[in-house]
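> A predicted structure for the sequence below; I have some questions about it.
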Amino acid sequence: MRSPRYTILIANRSTGAVRRLSVTRRAVALAGIAAVFIPLLIGLGASRVDPVGLEALRLANESLLVENESYRAATGELVDQVSSLQSALAELSEQAVLDPEARYALERLPAVLRSPAAGGAAREVAAALPPVSPDTAIGMLQGVLGTIESGIATVRATVESQQALARATPALWPVTGWLSSGFGSRRDPVDGSQDFHPGLDIAANRGTPVRATADGVVRSSAYDGNYGNAVVVEHSSWISTRYGHLSRFAVQAGQEVRRGDLIGYVGSTGRATGAHLHYEILLNGQPINPLRLLARP
């Protein structure tokens, strides 16, 4: 028995043309089945994706998230480290500056007493690097910054040592006055004999303030024979200064003083012919010419 046939009329409104399409009942049934089952089969196919593959994708995504967070944290640490280095360099730049008087005095100290300048730390850290992974690059940057930090620590120690040396080096004139007698051989102003003068005589009005020429500790503040009222300041284990013929004291033994601090007043005590300050610099216990270290007044 032949399958019934259906006729579908398709009309074009613009032209009025009519087309006939004849289909069997079987074709209509197959089209309906296809319309129902094809989407269902597609959905079933999607639901059958390999669960192992899905888990691998999920783990890979989590790993990327963790790695990204790790890079973010490492980058933040590098930024903090660089900021710290910038602050340290700025601080060192300020510390390394010496006032003109201190620099003048340091340049005239015996070479054996000067601290060698540190340098060359991290000098080779800018060598060319081959392509590396992000992990390796971050590690190498951290290593380079660590090297620079070590170099800065070395430079800091040198700068601090130089600053301590500068503070302990007599670099100022102790009193405002005029030079009446220099260092070395001279004719004694009291008896006219030839003698050795171990310091400078700086004439000034009685009562003129006398000031420490460097940081140190007062070792003595007392009457001392020909020096009269005298103050001795120890600036380090190798250098000290003496201030003689004072009219009165402004410090006592054991007291710490800084450069420019008041230590006494000009007088004429001891063996002196008039008001003046006798000033000595002793290097390892031996007098040196103070003019070697003093900046020009």
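Everything's here; your move.

> Starting from Pro290, give me the distance back to the residue lying closest to Asn289 once chain neighbours are set aside.
Nearest residue to Asn289 in three dimensions, chain neighbours excluded: Phe183, at 4.1 Å (C-beta to C-beta, 6 or more residues apart in numbering). Yep, even glycine has a C-beta here, placed from its N, CA and C like the rest. Remark: distance between Phe183 and Pro290 (C-beta to C-beta, to the nearest Å) = 7 Å.

> Which neighbours do the two have in common?
Taking C-beta atoms under 8 Å, 6 or more residues apart in numbering as the contact rule, the neighbours common to Phe183 and Pro290 are 199-200.

> count of residues packed around the residue nearest to Asn289?
20 (other C-beta atoms under 10 Å).

> for Gln286, same thing?
Neighbour count of Gln286, defined by other C-beta under 10 Å: 8.

> Tell me what it is bridged to.
In this entry, Gln286 is beta-bridged to Leu283, by DSSP bridges.

> now Ser221
On the basis of DSSP bridges, Ser221 is bridged to Val231.

> how close does it sit to Glu234?
Taking C-beta to C-beta, one finds Ser221 at 12 Å from Glu234.

> Over to Pro170?
Where Glu234 is concerned, Pro170 sits at a distance of 12 Å (C-beta to C-beta).

> before we move on, what about Thr154?
Distance from Thr154 to Glu234, by C-beta to C-beta: 29 Å.

> in the protein, which spans are helices?
25-47, 51-95, 100-107, 134-167 (DSSP state H).

> Would you single out the least confident of those?
Per-segment mean pLDDT for the helices of the chain reaches its minimum on helix 25-47, at a mean of 57.

> How confident was the prediction at Arg292?
Looking at Arg292, its pLDDT reads 89.

> so it makes contact with Leu106?
No: with contact defined as C-beta atoms under 8 Å, Arg292 does not reach Leu106; the gap is 11.6 Å.

> count of residues packed around Ile152?
Residues near Ile152, counting by other C-beta under 10 Å: 19.

> hang on, I meant Ala153
With other C-beta under 10 Å as criterion, Ala153 counts 13.

> Just the strands from the stretch 151-297 of the chain, written as ranges.
Assigned by DSSP state E, counting those that start in this stretch, the stretch 151-297 of the chain shows strands spanning 178-181, 184-187, 194-197, 200-203, 209-211, 216-223, 229-234, 239-249, 256-257, 262-266, 276-283, 286-288.

> so what secondary structure elements neighbour the longest one?
Packed against strand 239-249 by the contact rule (3 or more C-beta pairs under 8 Å, 6 or more residues apart in numbering; DSSP states H and E) you find strand 216-223, strand 229-234, strand 262-266, strand 276-283.

> Tell me what angle that strand forms with strand 262-266.
Counting by axes from the mean of the first three to the mean of the last three C-alpha atoms, to 10 degrees, strand 239-249 lies at 60 degrees to strand 262-266.

> partners of strand 239-249, with directions?
strand 229-234 (antiparallel), strand 262-266 (antiparallel), strand 276-283 (antiparallel).

> Which among the ones you listed is found nearest to Arg206?
Among the strands paired with strand 239-249, the nearest to Arg206 by C-beta to C-beta is strand 262-266 (5.8 Å).

> follow-up on the earlier one: export the helices and strands packed on strand 239-249 to a markdown table and append columns for mean neighbour count, distance to His197 and mean pLDDT.
Output for the helices and strands packed on strand 239-249, formatted as a markdown table (neighbours: other C-beta atoms under 10 Å; distance: least, C-beta to C-beta, whole Å; pLDDT from 0 to 100):
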| stretch | mean neighbour count | distance to His197 | mean pLDDT |
| --- | --- | --- | --- |
| strand 216-223 | 17 | 21 | 97 |
| strand 229-234 | 22 | 15 | 98 |
| strand 262-266 | 21 | 18 | 98 |
| strand 276-283 | 22 | 9 | 96 |
